[in-house]
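**Student:** below are the sequence and a predicted model for it; my questions follow.
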Amino acid sequence: MKRVLTIAGSDSGGGAGIQADLKTITLLGGFATSAVTALTAQNTKTVSAIHPVPPSFVKAQVETVLSDIGTDSVKTGMLSSSPVVDAVADCLSDYPTEKLVVDPVMVSKSNDRLLSEDAVTTMTERLIPLALIVTPNLAEARILAGMAINSDVDLQDAARTIHAMGTRYVLIKGGHRNGPADDLLFDGDTFHTFAKDRIETTHTHGTGCVYSAAIATYLAMGLEVKAAVDKAKAFVHEAIVCPLPLGTGHGPTNVYAPFVRELSRYYVLEALKAGFVRLQNAGVGHLIPEVQSNLGFALAHARNLLDVAAFPGRLVRLGENVASVSGPTFGASQHITSIILTVMDYAPDIRAAMNIRFSETRIQQCERLGWDVASFDRRDEPKEKKDREGSSLEWGTAQVLARFGHRSGHRSGQVPDVIFDRGEVGKEPMIRILGKDPNEVVDKVLQLMAS
């Protein structure tokens with residue numbers, strides 16, 4: 001197991017600093033050691049107090065770890081003061097490492113100053129020359145480079161200025177810029193951009209700490225800098241996509257998300273299998289339409305076809321029974337995925353759907369059960385939507401949800417239990433039943449059959 005030492009401040013709120021570093025390193029498979037540089041009293045809204053750790057004790061922590069356990073990489077975060085920066089630089093000079101990641105933490109998400117002004121000079125003169133890579137955000141890059149950054153040309157000039165301080169690589173993070181959240185890596189000769197779509201969320205507390213800790217961990221595992229940054233970028237992006245909305249301010253980046261997501265894949269598939277068995281045992285063959293049926297279930301925060309599982313080849317009718325060609329798998333059905341992803345834009349917890357045979361009597365049964373029932377008319381569909389394969393269901397579902405959300409008596413984010421259409425030439429009429437998971441969808445199907 002590779003060893004990663006983090007030298008950073010403590011965040012009592014658990015979202016950033018040493019706490020975020022330890023979680024990230026551990027989750028990525030490293031063995032985390034630490035040296036605390038400052039204690040902070042903070043939450044999602046503010047840093048209410050900072051208690052500096054004496055530089056001599058910071059030095060004692062680092063030296064004690066390195067003299068016995070050693071390390072395969074080091075990352076620094078909040079260093080607070082010039083004497084602490086000096087102490088860390090002294091230690092890393094005595095115990096040199098080729099894989100030092102310097103995250104020049106200067107200001108918190110709540111705009112509280114975390115590095116004194118005189119410490120910036122000490123950092124540029126003593127610590128940055130020891131670094132393999134420095135990872136400033138836009139504001140930190142402005143301070144380090146001593147210049148305004150208003151364009152891509154400015155960004156490159158700032159990277160050159162920071163690189164001239166002695167580090168081998170500079171990674172300027174683009175989270176604070178407008179547009180895509182692109183990061184710029186400079187190795188002294190060439191620039192490389194790491195691009196990801198921007199995620200609109202306020203829950204990004206600790207993003208920089210997680211990013212630099214992930215880079216340090218991947219470096220310890222033997223990856224080259226470009227590959228380490230690429231994997232760390234993907235990791236932190238996933239952590240932002242699936243936020244933890246804790247507190248009333250900037251909630252923490254969710255470092256558990258990539259792992260919970262993978263574990264959830266098993267749960268999604270097992271839930272679909274259980275739902276299918278219930279359908280088989282109930283004999284719902286008469287509810288299967290001519291074009292066959294499918295039952296789909298999405299991961300939380302699903303974004304595309306590969307995040308939604310369904311049955312390849314659909315569910316087919318065998319008399320009064322139902323059969324499947326194979327077990328459920330991710331990416332199996334564009335049709336059911338279009339419905340589920342569109343619904344999740346309105347109500348993220350509604351992640352399952354099944355289509356069944358249409359009849360006017362069946363719609364009346366749904367209404368008698370007290371369900372919310374809504375429909376769209378395929379004749380109203382724009383031609384460009386009809387001409388694009390797979391877009392009809394997305395369009396129709398979106399039409400229903402846009403209208404449904406404005407109905408009197410319905411809560412924001414609420415969606416109907418049933419969406420149907422009466423078809424048109426070449427398109428079979430259809431009922432689609434929605435629910436939070438396959439169990440809820442199958443419950444509704446069986447209620448409808450019993451009625």
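**Tutor:** Okay, I see it.

**Student:** and after the least confident helix or strand in the chain by mean pLDDT, which helix or strand comes next?
**Tutor:** Lowest on mean pLDDT, DSSP states H and E among the helices and strands of the chain sits helix 383-387, with a mean of 64. Later in the chain than helix 383-387, the nearest helix or strand by DSSP states H and E is helix 391-404.

**Student:** and that following helix, average pLDDT?
**Tutor:** Averaging pLDDT along helix 391-404 yields 81.

**Student:** and it, what does it pack against?
**Tutor:** helix 334-346, strand 373-375, helix 383-387, strand 418-421 (3 or more Cβ pairs under 8 Å, 6 or more residues apart in numbering; DSSP states H and E). (C-beta placed from N, C-alpha, C; glycine too.)

**Student:** how about that helix: buried residues?
**Tutor:** Across helix 391-404, burial judged by 16 or more other Cβ atoms under 10 Å covers 392-401, 404.

**Student:** quick one: residues contacting residue 143.
**Tutor:** Contact analysis of residue 143 by Cβ atoms under 8 Å, 6 or more residues apart in numbering lists 106, 120, 136.

**Student:** surely the second one touches residue 106?
**Tutor:** This means residue 120. Yes: applying Cβ atoms under 8 Å, one finds residue 120 in contact with residue 106, separated by 7.3 Å.

**Student:** show me which of those two is the more surrounded one.
**Tutor:** When neighbours are counted by other Cβ atoms under 10 Å, residue 120 and residue 106 differ, and residue 106 comes out ahead with 21 against 18.

**Student:** wait, the more buried one sits on residue 138?
**Tutor:** No: using Cβ under 8 Å, residue 106 is not in contact with residue 138; the gap is 11.5 Å.

**Student:** wait, what's in contact with the closest residue in space to residue 209 that isn't next to it in sequence?
**Tutor:** In space, and not counting its chain neighbours, residue 209 is closest to residue 20: 4.2 Å by Cβ to Cβ, 6 or more residues apart in numbering. If a contact means Cβ under 8 Å, 6+ apart, then residue 20 has 11, 14, 206, 209-210, 213, 252-253, 255 as its contacts.

**Student:** if we use 6 Å, what do you get?
**Tutor:** Contacts here follow Cβ atoms under 6 Å, 6 or more residues apart in numbering; on that basis residue 20 touches 206, 209-210.

**Student:** return the member of those nearest to residue 93.
**Tutor:** Taking Cβ to Cβ as the measure, residue 93 lies nearest residue 209 of the contacts of residue 20, at 24.2 Å.

**Student:** and that closest one, how far from residue 330?
**Tutor:** 32 Å (Cβ to Cβ, to the nearest Å).

**Student:** more neighbours: which of the two?
**Tutor:** residue 209 (31 against 18).

**Student:** that's a helix at the more buried one, yeah?
**Tutor:** Yes: the assignment for residue 209 (DSSP: H, G, I helix; E, B strand; the rest coil) places it in a helix.

**Student:** test my guess that it contacts residue 16.
**Tutor:** Yes: at 4.8 Å, residue 209 counts as touching residue 16 under the criterion of Cβ atoms under 6 Å.

**Student:** so for the residue nearest to residue 63 when sequence neighbours are not counted, what's the pLDDT?
**Tutor:** Nearest residue to residue 63, sequence neighbours excluded (Cβ to Cβ, 6+ apart): residue 91, at 5.7 Å. Listed pLDDT for residue 91 reads 96.
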